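A.B. asks: This is the structure alone, sequence omitted:
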């Protein structure tokens with residue numbers, strides 16, 4: 001199964017990128033791909049086979065086509081698209097996962113506020129189990145501990161805790 005990271009590695013190989021580009025620009029047959037991609041027949045066939053094996057290029061009634069639906073699903077797996085303000089988060093959030101917590105206080109606040117805003121609704125109360133599940137989703141497979149994140153967001157005033165109930169604080 002191809003992951004977003006594996007897809008990038010796959011198309012980072014120049015021959016595969018050229019073949020994918022040729023298909024995206026309308027080459028529907030192997031002859032058209034060879035003519036339009038500028039790679040040898042052997043390289044084109046190898047690249048095409050790899051792209052087809054991973055479901056990125058498919059054979060339809062009209063010939064070969066890019067599986068745009070597959071690419072959209074891969075894009076969704078990378079997490080939300082970041083705007084300019086959120087671009088600063090990218091060293092700490094990859095593929096919808098919290099990879100690390102910034103040591104610098106101001107950056108830590110920005111990153112954790114983003115996690116809280118993406119995970120909780122204002123005015124809704126959550127029990128500890130629900131809070132842990134939502135924060136664990138950000139931390140699974142990484143080095144960040146969801147319990148530490150829960151403590152940080154409480155200590156930083158992003159969430160309040162009373163009688164075992166948690167609530168996102170408005171900022």
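C.D. replies: Everything's here; your move. All of these numbers come straight from a predicted model, not from anything done at the bench.

A.B. asks: centroid residue for this protein?
C.D. replies: By C-alpha atoms, centre = their mean, the mean C-alpha position of the chain lies nearest to residue 78, the distance being 0.8 Å.

A.B. asks: which residues touch residue 135?
C.D. replies: The neighbours of residue 135, taking C-beta atoms under 8 Å, 6 or more residues apart in numbering as the test, are 115, 119, 146, 149, 150. (C-beta placed from N, C-alpha, C; glycine too.)

A.B. asks: The residue nearest to the centre of the chain contacts residue 95, correct?
C.D. replies: Yes. Under the criterion of C-beta atoms under 8 Å, residue 78 is in contact with residue 95, at a separation of 5.3 Å.

A.B. asks: between the two, what contacts are shared?
C.D. replies: Shared contacts of residue 78 and residue 95, counting by C-beta under 8 Å, 6+ apart, come down to residue 4.

A.B. asks: Residue 115 and residue 60, how far apart?
C.D. replies: 41 Å (C-beta to C-beta, to the nearest Å).

A.B. asks: Of the two, which one has the most company?
C.D. replies: It is residue 115, of residue 115 and residue 60, that has more neighbours when counted by other C-beta atoms under 10 Å, with 24 against 9.

A.B. asks: so where's the chain uncertain?
C.D. replies: Segments of the chain classed as low confidence (criterion: pLDDT under 70) are 1, 79-88, 171.

A.B. asks: and it, what are its domains?
C.D. replies: Each domain of the chain is listed here as a residue range: 4-76, 80-168, per automatic domain parsing.
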